[in-house]
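K.L.:
From the sequence below, what's the structure:
(3 chains)
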Amino acid sequence: MTHVLEADGLTRSFGGRRAVHGVTLELDAGECLALFGPNGAGKTTLLRLLAGLLKPTAGTARINGQLLRGDATARAQVGFISHQSMLYGALTVRENVELAARLYGVREPTAAAAQALSEMRVLDRAESAVRALSRGLQQRVSIARAMVHRPRVLLLDEPYAGLDPLGAATLTEMLARLRGDGATLVLVTHNIAEGLDVATQAAVMHRGRVVRRERREELDVGSYADAYRELVGGVT
Amino acid sequence: MKPSLLLSAWFIARKDLAIEFRTRTAFLAVLVFAVLGIATFYFAWDATAVAAIDLAPGVLWVIFTFSGLLSLQRSFGVELADRAMDALLLAPIDREAIFLGKALANLLFVAGILVVTVPSVALLYNLPLGRTLPILFAIALIAAIGLVAVGTLFSAMAANTRLAELLLPMLSLPFFVPIVYGAAQTTSMLLAGRPVAEAWPFMKILIAFDLVFLTACTLTFPYILEE
Amino acid sequence: MTTRALPDDADAASPASMGAASRPLFDWLFGVAVLAMVAAFVRAVYFTPIEALQGAAQKIYYVHVSAALSAYLALGIVALMSIVYLWLRDERADRLAESAGEVALVFLTAVLTTGPLWGKPIWGTWWTWDARLTLTLFLWFLTAGYLVLRGAVDDPSMRARYSAVIGILAALLIPFIHLSVYLFNTLHPKPILLKPDKPSMPNEMVVTFVGFFIACALLCVALIRARYRYGVARDVVRAMDAAEEGGE
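P.N.:
Numbers count the residues shown, from 1 in each chain, chains lettered A, B, ... in the order given. Got it, this is the predicted structure:
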């Protein structure tokens, strides 16, 4: 059977150095994978592969059975939130999100942008230039940009970084709602408690490989952080 | 669902022009550079030895090429600053649309420079432009298409390398030789009052260049983006 | 870091490229090419008559034309391998393009040096914007730009893609430059050897030229081959370093 998000033997090298090595995953609708791992473990590279931004050296990534690379319809179902805001500083908040809506062929881009901005509670800053916003507000706009086309798969690379408590609460609330609507999430984070809170699956990456993966109900939340530290050699 | 090639290209071009309009400094700086270049050439000119009509086409096209390079230099800077380029790559649009959108914005930018430089050269070098002005603009636009096609592709490439500021002119200038040659020859013929038909062989070079390189650059651009 | 461990299943170090390490140090092809060059020089200088009109300067012709043809050969390889790379994504095509590009620059430099040396006594000027000289000058610029670009990109696959695109576009540009310059009047002597009727050079000179050309082409191929082998060895070492760094 086909899963919503499926990676099979996904591998990516940069000039002989393997950043991601033979990663296999499958996630269904409404599932959330929390991905942990030390810096340089390959988490960001894996997300960029799943988003179709990187071409795999070997293996495949599929969304609903469609190969991600070169397939616009598969790409249209993905939303990606990265470390970088992916916003144009000189444009206003509204212009940035509306541009995204138009490029995704959203039917009413203006209304969709306003909706996404109000969900992230930044609608009142819609006419400000992105450059003039604080890091945390930019992150909220960036999340709104990634969700304006209502993706079925959302990839989040440390989305909590830079958010204030209100922003973080808004994001958590939003992720829960998205999952309720049947979206599939992959969440990269350094905060184990935060990650396990929303996850249905948890995985640990180390040196390009997924070294541990289990369903939320199979793991012991209390000892997970210690087990993780042991696995990756004491560094988090 | 997915917007058409030309529509998505237009969205991208419009976004670039909005950014340009918001900041404005780049455009004004390039304009000042162009007029300054034209004025500087004046002081290297011996008016008793070379007639203005012989010098001006060369000045116009050399300055135009260099200010074109300056304006292309910044084209992909905005995309790389906060990796906004990734958002374009994630969107369900063709890679070719990104190229055409960036190239269209660059073309309008360069056309804006032409609107100022052509009259400036005419004014500062006392050229009898008059009726040739519209056709001169038409040739300038034909020349600009080829320049922008190659320049946009190379700018995307150079932006991702070390030596970006050096590499763009180094790669582009050999490609601009047929453009400068064709445009300058046509301009001198027009200024000398010769019929347009006589300049046709040179215009053919320009048009062929546009067709070949607009196609080739659009088709090879996806290879530049792929990671 | 003491010894380098071989990567267990390194994809960059294929069995074919690993063989490079065990190759003998002596490059027989290069040896043959150098001997052929020496022989060709000796024949050109001592055993070929001096041309009546141009005098001894005419002998530069042998080097100049042979080097030009060899440079075109190398550049043809660059253009062809650029297309092959974008088509098959085989890193060997990229390495061959890289090697041929470097060798082409050497031969183009020889052409641009010998050209003026011949031009001064014969045409009375070091440089002239004649069609073929100008084309060679621009080929030199393009090749130099190509190599600078290669040096400015770190990621191997990005470097290969970028340089392949430049290689293809440069090949498309050449007719335009040629056409542009050709519309100027050209001074360059028309090809003497390739006339449809009988060659107008005496037989002895033809033999010298053909010999020189074969030696030059041989040297060109030997240099590309040696440079390619260096590239293989370098990439193997890099793959080992990367594997070590990645903790594999």
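K.L.:
Quick one: list the elements packing against the helix or strand harbouring C:Leu80.
P.N.:
Using DSSP states H and E, C:Leu80 falls within helix C:60-88. Under the contact definition 3 or more CB pairs under 8 Å, 6 or more residues apart in numbering or on different chains; DSSP states H and E, helix C:60-88 sits against helix C:28-46, helix C:91-123, helix C:131-152, helix C:156-182, helix C:203-245. Glycine gets a C-beta too; all of them are placed from N, C-alpha and C.
K.L.:
For chain A, which of those is the nearest?
P.N.:
helix C:203-245 (3.6 Å; CB to the nearest CB).
K.L.:
and that closest one, how far out from the chain's middle?
P.N.:
Its chain's average C-alpha position is 9 Å from that of helix C:203-245, according to CA atoms, centre = their mean, to the nearest Å.
K.L.:
which non-adjacent residue is nearest B:Glu226?
P.N.:
With sequence-adjacent residues excluded and distances taken as CB to CB, 6 or more residues apart in numbering or on different chains, B:Glu226 is closest to A:Lys55, at 5.8 Å.
K.L.:
so which strand or helix has the one you found?
P.N.:
Going by DSSP H and E, A:Lys55 is not in any helix or strand.
K.L.:
count of residues packed around it?
P.N.:
15 (other CB atoms under 10 Å in any protein chain shown).
K.L.:
How about B:Ala18?
P.N.:
Neighbours of B:Ala18 (other CB under 10 Å): 17.
K.L.:
contacting residues around the nearest residue to it once chain neighbours are set aside?
P.N.:
In space, and not counting its chain neighbours, B:Ala18 is closest to A:Leu91: 6.2 Å by CB to CB, 6+ apart. Going by CB atoms under 8 Å, 6 or more residues apart in numbering or on different chains, A:Leu91 touches A:99, A:129-130, B:15, B:18-19, B:22.
K.L.:
and the nearest residue to A:Gln66 once chain neighbours are set aside, how many residues sit next to it?
P.N.:
Distances taken as CB to CB, 6+ apart put A:Ala74 closest to A:Gln66, at 4.0 Å, once the chain neighbours are dropped. A:Ala74: 20 surrounding residues under other CB under 10 Å.
K.L.:
The helix or strand that A:Ala74 is a member of - contacts with which helices or strands?
P.N.:
A:Ala74 is part of helix A:72-75, with elements assigned from DSSP H and E. Other helices and strands packing on helix A:72-75, by 3+ CB pairs under 8 Å, 6+ apart, are strand A:66-67.
K.L.:
quick one: average pLDDT of the helix holding A:Ala74?
P.N.:
The average pLDDT within helix A:72-75 is 86.
K.L.:
next one: stretch A:165-176
P.N.:
88.
K.L.:
contacting residues around that stretch?
P.N.:
By CB under 8 Å, 6+ apart, stretch A:165-176 touches A:32, A:119-121, A:136, A:139-140, A:143, A:147, A:154, A:156, A:159-160, A:163, A:185, A:187, A:197-198.
K.L.:
Next SSE downstream of the helix or strand containing A:Leu49?
P.N.:
In the assignment (DSSP H and E), A:Leu49 maps to helix A:43-50. Going down the chain from helix A:43-50, the next helix or strand is strand A:58-63, by DSSP H and E.
K.L.:
what's in contact with that next one?
P.N.:
A:2, A:4-11, A:22-24, A:49-50, A:52, A:67-69, A:74, A:77-78, A:152-153.
K.L.:
which residues in chain A form helices?
P.N.:
Per DSSP state H, chain A carries helices over the ranges A:43-50, A:72-75, A:93-103, A:109-119, A:135-147, A:165-180, A:192-198, A:221-232.
K.L.:
Quick check: which of these is nearest to B:Val118?
P.N.:
Closest approach to B:Val118 among the helices of chain A is made by helix A:93-103 (32.7 Å; CB to CB).
K.L.:
Kindly report the residues of chain C close to chain B.
P.N.:
Neighbours of chain B within chain C, by CB under 8 Å from any CB of the partner chain: C:86, C:138, C:141-142, C:144-145, C:148-149, C:152-154, C:158, C:161-162, C:164-166, C:168-170, C:172-173, C:176-177, C:179-180, C:183.
K.L.:
Show the pLDDT at A:Gln66.
P.N.:
On the pLDDT scale, A:Gln66 gets 87.
K.L.:
Run a quick neighbour tally on C:Leu112.
P.N.:
19.
K.L.:
hang on, it packs against C:Phe138?
P.N.:
No - counting by CB atoms under 8 Å, C:Leu112 sits too far from C:Phe138 to count as a contact (10.9 Å).
K.L.:
Run through the chain and note the low-pLDDT ranges.
P.N.:
I'll assume chain A. In the predicted model of chain A, residues A:1, A:70, A:234-236 satisfy pLDDT under 70.
K.L.:
oops, I was thinking of chain C
P.N.:
Ranges of chain C meeting pLDDT under 70: C:1-25, C:184-200, C:245-248.
K.L.:
ok so, going back, just the buried members of the contacts of strand A:58-63?
P.N.:
When the contacts of strand A:58-63 are checked for burial by 16 or more other CB atoms under 10 Å in any protein chain shown, the buried set is A:4-7, A:10-11, A:23, A:49-50, A:52, A:68-69, A:74, A:77-78, A:152-153.
K.L.:
ok so, going back, I'd like to know how far the residue nearest to B:Ala18 sits from C:Leu172.
P.N.:
36 Å (CB to CB, to the nearest Å).
K.L.:
So if we follow the domain assignment, how does chain A break up?
P.N.:
Per automatic domain parsing, the domain ranges recorded for chain A read A:1-77+A:152-231, A:84-150.
K.L.:
just those domains: most buried one?
P.N.:
A comparison of those by mean neighbour count, using mean count of other CB atoms under 10 Å in any protein chain shown, puts domain A:84-150 on top with a mean of 21.
K.L.:
And it, how far out from the chain middle?
P.N.:
Its chain's C-alpha centre lies 17 Å from the corresponding centre of domain A:84-150 when counted by CA atoms, centre = their mean.
K.L.:
end-to-end on that domain?
P.N.:
Terminal residues of domain A:84-150 are spaced 20 Å apart (CA to CA, to the nearest Å).
K.L.:
Other residues contacting the helix holding A:Ala74?
P.N.:
So helix A:72-75 is contacted by A:52, A:62-64, A:66-68, B:1-2, B:90-94 (CB under 8 Å, 6+ apart).
K.L.:
now swap in stretch C:76-91 and tell me
P.N.:
B:220, B:223, C:12, C:93-94, C:96-97, C:100-101, C:104, C:143, C:146, C:156, C:160-161, C:163-168, C:170-171, C:224, C:235.
K.L.:
which residue is nearest the centroid of chain C?
P.N.:
Among the residues of chain C, the one closest to the centroid is C:Ala104, at 2.4 Å (CA atoms, centre = their mean).
K.L.:
I figured it hits C:Ala74, correct?
P.N.:
Yes - here C:Ala104 reaches C:Ala74: they are 3.7 Å apart, a contact under CB under 8 Å.
K.L.:
From chain B, how far off is C:Leu112?
P.N.:
Distance, C:Leu112 to chain B, by CB to the nearest CB, to the nearest Å: 15 Å.
K.L.:
Can you give me every residue that contacts that residue?
P.N.:
C:133, C:136-137, C:140.
K.L.:
distance between stretch B:56-76 and the chain's centre?
P.N.:
Distance, centroid of stretch B:56-76 to centroid of chain: 6 Å (CA atoms, centre = their mean).
K.L.:
Only alpha carbons, please: show that stretch as PDB.
P.N.:
Below are the C-alpha coordinates for stretch B:56-76, written out as PDB (Å, rounded to 0.1, in the frame of the first residue of the first chain):
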ATOM      1  CA  ALA B  56      29.500  57.700 -29.800                       C
ATOM      2  CA  PRO B  57      28.200  54.200 -30.800                       C
ATOM      3  CA  GLY B  58      31.200  52.600 -29.200                       C
ATOM      4  CA  VAL B  59      30.800  54.700 -26.000                       C
ATOM      5  CA  LEU B  60      27.100  53.900 -25.900                       C
ATOM      6  CA  TRP B  61      27.400  50.200 -26.200                       C
ATOM      7  CA  VAL B  62      30.500  49.700 -24.000                       C
ATOM      8  CA  ILE B  63      28.800  51.700 -21.200                       C
ATOM      9  CA  PHE B  64      25.600  49.900 -21.800                       C
ATOM     10  CA  THR B  65      27.300  46.500 -21.500                       C
ATOM     11  CA  PHE B  66      29.100  47.400 -18.300                       C
ATOM     12  CA  SER B  67      26.000  48.900 -16.600                       C
ATOM     13  CA  GLY B  68      24.100  45.900 -17.700                       C
ATOM     14  CA  LEU B  69      26.600  43.700 -16.000                       C
ATOM     15  CA  LEU B  70      26.300  45.800 -12.800                       C
ATOM     16  CA  SER B  71      22.600  45.400 -12.800                       C
ATOM     17  CA  LEU B  72      22.700  41.600 -13.400                       C
ATOM     18  CA  GLN B  73      25.200  41.200 -10.600                       C
ATOM     19  CA  ARG B  74      22.400  41.900  -8.000                       C
ATOM     20  CA  SER B  75      19.800  39.800  -9.700                       C
ATOM     21  CA  PHE B  76      20.300  36.600  -7.600                       C
END
